[in-house]
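Enquirer: sequence plus the predicted model coming up.
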Protein chains: 2
Amino acid sequence: MVRKRVVLTFSGGMDSTTLLYQLLSQGHHVQALGIDYGQRHRKELGAAAGICARVGVSFKSADLSAVTGFLAGSALTSPDVEIPSGEYDPESMKVTVVPNRNMLMLAVALAWAISSECDTVAYAAHAGDHEVYPDCRPEFVRALARTAGLCHYEPIELTAPFLHLTKVDIVRLGNRLDVPFDLTWSCYRGEDLHCGRCGTCRERSGAFARAGVADPTVYRIRPDSAPAGIPGSIGAQ
Amino acid sequence: MVRKRVVLTFSGGMDSTTLLYQLLSQGHHVQALGIDYGQRHRKELGAAAGICARVGVSFKSADLSAVTGFLAGSALTSPDVEIPSGEYDPESMKVTVVPNRNMLMLAVALAWAISSECDTVAYAAHAGDHEVYPDCRPEFVRALARTAGLCHYEPIELTAPFLHLTKVDIVRLGNRLDVPFDLTWSCYRGEDLHCGRCGTCRERSGAFARAGVADPTVYRIRPDSAPAGIPGSIGAQ
């Protein structure tokens, strides 16, 4: 097997932590990139640093807050916009979109890959994100991967191995890889505990329930049920 | 004619200033985006702001210096690397490449376009850049344009109308559009006058000479001749 040198875009959430563990289990060299885009939930950057320290992976956080500061209209960066507390569905979550967030994040990751002589950039976009975020769609990822192959003298490989996995698939995979899910952070509110009410808390809780994996998360208020919008598995799709 | 709402990536140099004047002459709404990537030549951002004030175009500068600060190996951001003072050719200019600079810059421009309801992003990559900067090649621009069409709910058009023009063509076009070339800035050293010795000063001087247009630039040391690497025109290419 070829040992790749990988820059992983890393939020400290369930998806990118599972991808971190998968890449390490495959023997690759990984360096993790967090993005501080001025989000309310900087708490996740702390989770990200802690997880990386645990597995001996270098973690670097790039500050994009000066850039996103002038981009209006996102609940994740603006104190004037209410965090949606309903389901994780397209209508309630659209407000959380940072414009062009993935291209920004991946452009930084590619730059870091070039400057530190890595050959691969990995990120953990998954099937549940497709209809919520335009820049998580497979066609966007394909187009950006082609661009990544041309942005430098030597091509950089852009890989999103979870693109066709659901959150439930990721919980099952992470469970097999012994991912410390208790250390990961999902909640869009940056408080001391997961709130249990926002869309990502409900998605998180529902994914554990449907995967049949014990949920180690301590929620302030126990999410009452799995959200309706989360498919169990897309199976043969 | 459709009046587009355009975000123009704008450095205050000859190329992007000529594109600014062309877009305005075509009746488009333009807002200009400068990028502060920690370069030595912040002087160009001052030139950019001054030119925009003159034509009544809003100018905004996005600070990427926190991001590029951790990216090593570029003469434009690192005080440890000598600016090449020879010809504007691939070998001497490679050292000036900020890793993945154009994707970073255009990702910010696309984000600003989305958040301010613009439909187009324009930038002034030209034929002379192709062999120096991998992310100025037509195939890179095509791939990124395709990605730009997918990064949001509504596609954003990415346009690079000078992609097949040489610097000489741009001088001639700018001359017809009454571009105030005396206000534009090219020199990679951020001193009070153009140095006349670096690759971009020699390229600038040579382009005026070959275009048969009077060069209004005040150089500290008059460039002695047109650099050998600049083609006069690529004509039917």
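Expert: Here it is on my side, so go on. Numbers count the residues shown, from 1 in each chain, chains lettered A, B, ... in the order given.

Enquirer: which helices and strands does the strand of greatest length in chain A pack with?
Expert: Using DSSP state E, we find that the single longest strand of chain A is strand A:29-36. Contacting strand A:29-36 under the criterion 3 or more C-beta pairs under 8 Å, 6 or more residues apart in numbering or on different chains; DSSP states H and E are the following elements: strand A:5-9, helix A:14-25, helix A:43-55, strand A:58-63, helix A:101-115. Every residue, glycine included, has its C-beta placed from N, CA and C.

Enquirer: buried deepest among the ones you listed, which one?
Expert: Ranked by mean neighbour count under mean count of other C-beta atoms under 10 Å in any protein chain shown, these are led by helix A:101-115, which reaches a mean of 26.

Enquirer: the helix or strand following that one: partners in the sheet, and parallel or antiparallel?
Expert: Per DSSP states H and E, the first helix or strand lying C-terminal to helix A:101-115 is strand A:120-122. With DSSP bridges as the test, strand A:120-122 is paired with strand A:5-9 (parallel), strand A:157-159 (parallel).

Enquirer: which of these sits closest to B:A211?
Expert: Smallest distance to B:A211 across the strands paired with strand A:120-122 (C-beta to C-beta): 40.3 Å, for strand A:157-159.

Enquirer: just want the angle from whichever helix or strand comes after that closest one to helix A:14-25.
Expert: Sequence-wise, the next helix or strand downstream of strand A:157-159 (DSSP H and E) is helix A:167-176. Angle, helix A:167-176 to helix A:14-25, by axes from the mean of the first three to the mean of the last three C-alpha atoms, to 10 degrees: 40 degrees.

Enquirer: now do the helix or strand following helix A:167-176, average pLDDT.
Expert: Toward the C-terminal end, the helix or strand that comes next after helix A:167-176 (DSSP H and E) is helix A:199-211. Computed over helix A:199-211, the mean pLDDT rounds to 94.

Enquirer: tell me the angle of helix A:199-211 relative to helix A:167-176?
Expert: Using the same axes, to 10 degrees: helix A:199-211 against helix A:167-176 is 70 degrees.

Enquirer: run the chain-centre distance for helix A:199-211.
Expert: 15 Å (C-alpha atoms, centre = their mean, to the nearest Å).

Enquirer: that one - contacts with which helices or strands?
Expert: helix A:167-176.

Enquirer: go through the helix it packs on and flag the buried ones.
Expert: A:K167, A:V168, A:D169, A:I170, A:V171, A:R172, A:L173, A:G174, A:N175 (16 or more other C-beta atoms under 10 Å in any protein chain shown).

Enquirer: quick one: which of those residues is nearest to chain B?
Expert: A:K167 (22.5 Å; C-beta to the nearest C-beta).

Enquirer: that closest one reaches A:H126, doesn't it?
Expert: Yes. Judged on C-beta atoms under 8 Å, A:K167 makes contact with A:H126 at a distance of 6.4 Å.

Enquirer: spit out the residues that contact those two alike.
Expert: A:D15 (C-beta atoms under 8 Å, 6 or more residues apart in numbering or on different chains).

Enquirer: mind checking which helix or strand of chain A has the lowest mean pLDDT?
Expert: Confidence across the helices and strands of chain A bottoms out at helix A:90-93, with a mean of 45, counting by mean pLDDT, DSSP states H and E.

Enquirer: can you list the residues of chain A near chain B?
Expert: Counting by C-beta under 8 Å from any C-beta of the partner chain, the positions of chain A adjacent to chain B are A:60, A:62-64, A:66-68, A:70-73, A:98-104, A:107-108, A:110-112, A:114-116, A:134-135, A:137, A:139-140, A:143-144, A:146-147, A:149-153.

Enquirer: ok, A:A32 - contacts?
Expert: Per C-beta under 8 Å, 6+ apart, neighbours of A:A32: A:V7, A:L8, A:F10, A:L20, A:A48, A:C52, A:V57, A:S58, A:F59, A:K60.
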